[in-house]
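Asks: Whatever this is, show me its structure:
(chains A and B)
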Amino acid sequence: MNKSITNILFSGVGGQGILLASEITAFAMIKAGVDVKKSELHGMAQRGGAVVAHMRYGDKVYAPVIEPGSADIQVAFEMMESLRYLPLLKKDCKVIVNTQKILPLSVSTGGEEYPSDIPGKLSERGLSVYTIDAIAVAGAVGEVRTVNMVMVGALSCFVPVEEKIFLDVISERVKERFVRVNIEAFRKGRDIIDRVKAEKTV
Amino acid sequence: MKNGLPVKEKLFLSGNEAIARGAFESGVKVASAYPGTPSTEILENLSRYEGVYSEWAPNEKVALEVALGASFAGVRALAVMKHVGLNVASDPLFTSAYTGVRGGLVIVTADDPSMHSSQNEQDNRNYAFAAKIPMLEPSDSAEAKEYTRLAFRISEEFDIPVLLRTTTRVSHVKGLVERGDVEKSRILPGIVKIPEKFVMLPANARKRRTDLEKRLEKLREFAETFPENRVERGSRKMGFITSGVSYLYVKEAFPGASVLKLGMAYPFPENLVKSFAEDIEELYVVEELDPFIELHVKAMGVSCRGKELIPSIGELNSYIIKSSLAGGNPPEEFLEPVGIPLRPPGMCPGCPHRGLFYALSKLGVFVAGDIGCYTLGFLKPLSAMDSCVCMGASIGNAFGMEKALGRDALGRIVAVIGDSTFIHSGITGLIDVVYNRGFSTVIILDNRITAMTGQQPNPASGKTISGESTEMIDLESLCRAIGVKHVYTVTPHDIDSTFNLVKREVERPAPSVIITKSPCVLLPEERMREKTLYRIITDRCNGCRACLKLGCPAIEWIGIDKEEAVNPGFREKQKGYARIDHLLCNGCTQCIRLCKFKAIIKDE
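Replies: Numbers count the residues shown, from 1 in each chain, chains lettered A, B, ... in the order given. The predicted structure follows:
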């Protein structure tokens, strides 16, 4: 395995702003001076289907997709989606989970059950789990659509890129009138996970 | 800034964005396409560049003919389609190899191994061989841009169209790309009559056929020294011949091995392959889908291994390559998957198609389907689609069944087809029904847009790719002009009227067309529209589940247990009640019509 490469898996549901979140992260990496590849699947995203993006960065990235057992970080924008790609994750993968639930049709119409105790299921497999109620954080910031930026803020605690670079990218990439609220969402997400990280190491 | 040096400005582009950029830098003047995943963003992006005429064509055949015409007029031209689109465009494709070009002509085919968004996973490298047209295969965004530029130059130098093949993992992967300068073709635009080159009647075509072999011979020589057919020397023990995205997986899986990367899939550089193979102890060919390179290598008498080890179905990745070949060291164990509910894409809340498919599921007729969002009518709980083959097939399929069964078919079969798909290749099927005295019922699901690929306008939308107003095809008049006497338009949100109309028309012993007309809820103007939302009065809901049969994501089932059911407002044996999620509801009113207990009311 190529040791200089970091693999980040973004998972969630169509409409959650995952592609923008992965885009912001990728631009931050580029600004930091590394090679980046990002693989997306289009076509079905607007129709409420599961969405996944693979991002790989390092000195020189070849393959565009993460191979099984090698994701270093997973950013799950929806709770159940944190379980969908388990075989791709490294054994010590850091999993950042938005505790928001978006019910698939089979669950909302009463045919299937939404899985219970998802963070527990992740921890018992040895993964490092960081939960965050991103929709509540986004709501507190005043714009529920900034869930994706809360998650980027959370992710930023685990990548070797200065906060300022992320903030610069957000300022450049987000529509001007939404910059302030997106930056606030990013900072809240970052602060929350920073605190959790600190507690874990104590 | 990196190490104190200014970093040359780089763009972070998908393969599709890079192809658009490459076409622009090549000075392309005319570009035509029909939308199709994974190719759609190429034209969407190109249409934003100044000085390029871009258009959505009614289908891929027209797109290629337009691009070929532009080439005849001496400008650089681009035609873009997904892999199955090249089937539609294959008629002009084969003969365009004979005519050759004036201005450079590049044809993009975006293949979809693993069928992320397609009905098959054909390997379009076979078209290059069959049509005798050179093909370039980029591996990533940087190459996608560069190869587009090379393709235009090769096209003009060798008087032949050039195919540029991507796959989903080239088209939809973003990577760093260097900006380049815009170049100018040396060909002069204008009308030049060269009948022996452009008029392919047999006497001329036979000469051009011979000429094509000469041009291919020159291309074969060119392929031997083409810098993008490159050898990367590594260990002599293992060597790989590979192309496209497979090259990246090989580099990832076996970083130390020798690699011959074929940037040009056709024609084949035989001498280069031979000299590469001579030095290698174990030679492997790694390619997605068909053994295209492998068969050629073996036909040359060079021994190699490929598809006996590596799957020919679906996408590859570095893990598959590692685990298929000795010495690959794949990660040995990883987490087991857990069973969780699937999350397939579905029709949106408020989608007009849902009303029609609900009516069709009630009628229980055989639904000959087609390609578009409405193919999702196949999914539970609507389960109202019984065939789906290719663009436009619904009408021919329904008519063929009808001719096979005669009067027995009356009242039992309908064809469903979207507005864009009908224009793409449904019109000729409808003509067959009328001309050959059929009685098929064709339902055109007119949501004003090509929705599945992300809301591209089509000839029935009244807008061009750049948003300019244009003539809008009147589907009713078109069907009448074909000779259909019974043409009706209905709003599919009105489920009862839709049901009654379809029931009446399937029984009619004459051709009929029903247009279910209502805009796609994802259209920007629909998203902006002020909506009346609805809610369910829990006291009135007795848990009959009638509304849930729509399969609307905005309607949620809240289960209750026996103890709760004794509370006021519930019936003794009630197992739950329905609730409308206001964040999702689009106010389409379909569910109101299904509730016999008047439990769904306006939320005021």
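
Asks: Distance of A:K101 relative to B:R545?
Replies: A:K101 sits 22 Å away from B:R545, taking CB to CB, to the nearest Å as the criterion. Glycine gets a C-beta too; all of them are placed from N, C-alpha and C.

Asks: now swap in B:S54 and tell me
Replies: Per CB to CB, B:S54 is found 48 Å from B:R545.

Asks: that older thread, more neighbours, A:K101 and B:R545?
Replies: Using other CB atoms under 10 Å in any protein chain shown as the criterion, A:K101 and B:R545 rank with B:R545 on top: 17 against 13.

Asks: list the contacts for the more buried one?
Replies: By CB atoms under 8 Å, 6 or more residues apart in numbering or on different chains, the contact list for B:R545 reads A:110, B:557, B:578.

Asks: One more pass at 7 Å, please.
Replies: Applying CB atoms under 7 Å, 6 or more residues apart in numbering or on different chains to B:R545 gives no contacts.

Asks: Quick check on it: phi, psi?
Replies: Per-residue torsions, B:R545: phi 70, psi 10 (degrees, to the nearest 10).

Asks: Can you report how many residues lie near B:H582?
Replies: Neighbour count of B:H582, defined by other CB under 10 Å: 13.

Asks: My read is that it contacts B:T532, right?
Replies: No. B:H582 is beyond contact range of B:T532, at 11.4 Å (criterion: CB atoms under 7 Å).

Asks: B:K214 and B:E221, how far apart?
Replies: In terms of CB to CB, B:K214 sits 11 Å off from B:E221.

Asks: Strands of chain A, residue ranges please.
Replies: Under the criterion DSSP state E, chain A carries strands at the ranges A:6-13, A:35-40, A:50-58, A:71-76, A:89-98, A:128-132.

Asks: Which elements pack onto the last one?
Replies: Yep, that's strand A:128-132 we're talking about. Counting contacts by 3 or more CB pairs under 7 Å, 6 or more residues apart in numbering or on different chains; DSSP states H and E, strand A:128-132 is packed against strand A:89-98, helix A:118-123, helix A:147-156, helix A:179-201.

Asks: Out of those, which is the most enclosed?
Replies: Ranked by average neighbour count under the criterion mean count of other CB atoms under 10 Å in any protein chain shown, the helices and strands packed on strand A:128-132 are headed by helix A:147-156 at a mean of 29.

Asks: Quick one: residues in contact with that one.
Replies: With contacts defined as CB under 7 Å, 6+ apart, helix A:147-156 is touched by A:16-18, A:20-21, A:24-25, A:73, A:75, A:77, A:96, A:98, A:130, A:132, A:134-135, A:137-138, A:163, A:166, A:170, A:182, A:185-190, A:192-193.

Asks: Nearest the middle, which residue of chain A would you pick?
Replies: Chain A has A:V75 as the residue nearest its centroid, 2.6 Å off, counting by CA atoms, centre = their mean.

Asks: From B:V338, how far off is it?
Replies: 19 Å.

Asks: pLDDT weak spots in the chain?
Replies: Since you didn't name a chain, this refers to chain A. Applying pLDDT under 70 to chain A flags residues A:1-3, A:42-46, A:202.

Asks: I was after chain B.
Replies: The model of chain B has pLDDT under 70 over residues B:1-8.

Asks: okay, now the domains of it?
Replies: What automatic domain parsing lists as the domains of chain B is B:11-224, B:229-324, B:352-527, B:530-602.

Asks: okay, the ones you listed, which one's buried deepest?
Replies: The highest average neighbour count among the domains of chain B, using mean count of other CB under 10 Å, belongs to domain B:11-224 at a mean of 22.

Asks: How far does that one stretch from one end to the other?
Replies: Length of domain B:11-224, first residue to last, CA to CA, to the nearest Å: 32 Å.

Asks: Now find how far off-centre it is within its chain.
Replies: Here the centre of domain B:11-224 is set off from its chain's centre by 17 Å, with CA atoms, centre = their mean, to the nearest Å.

Asks: And chain A, is it touching that?
Replies: Yes. Applying CB under 7 Å from any CB of the partner chain, one finds domain B:11-224 touching chain A at B:12, B:37-38, B:116-117, B:169, B:172-176.

Asks: Make JSON lines from the residues you listed and add secondary structure to it.
Replies: Formatted as JSON lines, these follow (DSSP: H, G, I helix; E, B strand; the rest coil):
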{"residue": "B:F12", "secondary structure": "strand"}
{"residue": "B:T37", "secondary structure": "coil"}
{"residue": "B:P38", "secondary structure": "coil"}
{"residue": "B:H116", "secondary structure": "coil"}
{"residue": "B:S117", "secondary structure": "coil"}
{"residue": "B:R169", "secondary structure": "helix"}
{"residue": "B:H172", "secondary structure": "coil"}
{"residue": "B:V173", "secondary structure": "strand"}
{"residue": "B:K174", "secondary structure": "strand"}
{"residue": "B:G175", "secondary structure": "strand"}
{"residue": "B:L176", "secondary structure": "strand"}
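
Asks: Now for B:R206, which secondary structure element holds it?
Replies: Element membership of B:R206 [criterion: DSSP states H and E] is helix B:202-225.

Asks: Next SSE downstream of that helix?
Replies: Assignment by DSSP H and E places the next element after helix B:202-225 at strand B:229-232.

Asks: Past that next one, which element shows up next along the chain?
Replies: Remark: after strand B:229-232, the chain's next helix or strand is strand B:235-242, criterion DSSP H and E.

Asks: How about residues contacting that following strand?
Replies: Strand B:235-242 is contacted from outside by B:250, B:254, B:256-262, B:273, B:276, B:279-287, B:293, B:297, using CB under 7 Å, 6+ apart.

Asks: Kindly export it (C-alpha atoms) in PDB.
Replies: Output in PDB follows, covering the C-alpha atoms of strand B:235-242 (Å, rounded to 0.1, in the frame of the first residue of the first chain):
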ATOM      1  CA  SER B 235      11.300  -4.600 -13.000                       C
ATOM      2  CA  ARG B 236      11.700  -7.000 -15.900                       C
ATOM      3  CA  LYS B 237      10.000  -9.800 -14.000                       C
ATOM      4  CA  MET B 238       6.500  -8.400 -14.400                       C
ATOM      5  CA  GLY B 239       5.300  -6.300 -17.200                       C
ATOM      6  CA  PHE B 240       1.900  -4.800 -18.000                       C
ATOM      7  CA  ILE B 241       0.200  -3.600 -21.100                       C
ATOM      8  CA  THR B 242      -2.700  -1.400 -20.100                       C
END
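
Asks: OK, contacts around residue 158?
Replies: Here I'm looking at chain A. A:73, A:94.

Asks: meant chain B actually
Replies: Taking CB under 7 Å, 6+ apart, we find B:F158 in contact with B:215, B:218-219.

Asks: let's go with 10 Å and repeat that
Replies: Contact analysis of B:F158 by CB atoms under 10 Å, 6 or more residues apart in numbering or on different chains lists B:100-101, B:134, B:214-216, B:218-219, B:222.

Asks: returning to that earlier point: kindly reformat the strands of chain A as TSV and extend each row with distance to B:V521.
Replies: What follows is the strands of chain A, written out as TSV (distance: least, CB to CB, whole Å):
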stretch	distance to B:V521
strand A:6-13	17
strand A:35-40	23
strand A:50-58	19
strand A:71-76	27
strand A:89-98	25
strand A:128-132	31
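
Asks: Please identify which of those strands is closest to B:C595.
Replies: In terms of CB to CB, the element of the strands of chain A nearest to B:C595 is strand A:6-13, at 27.8 Å.

Asks: just the angle between that closest one and strand A:35-40, please?
Replies: Between strand A:6-13 and strand A:35-40, the angle comes out at 20 degrees (axes from the mean of the first three to the mean of the last three CA atoms, to 10 degrees).

Asks: Which ones among the contacts of strand B:235-242 map onto strands?
Replies: Per DSSP E, those map to strands at B:257-262, B:282-286.

Asks: Could you identify the most distant pair in the residues you listed?
Replies: Greatest spacing in the ones in strands among the contacts of strand B:235-242, by CB to CB: B:L262 and B:E282 (18.6 Å).
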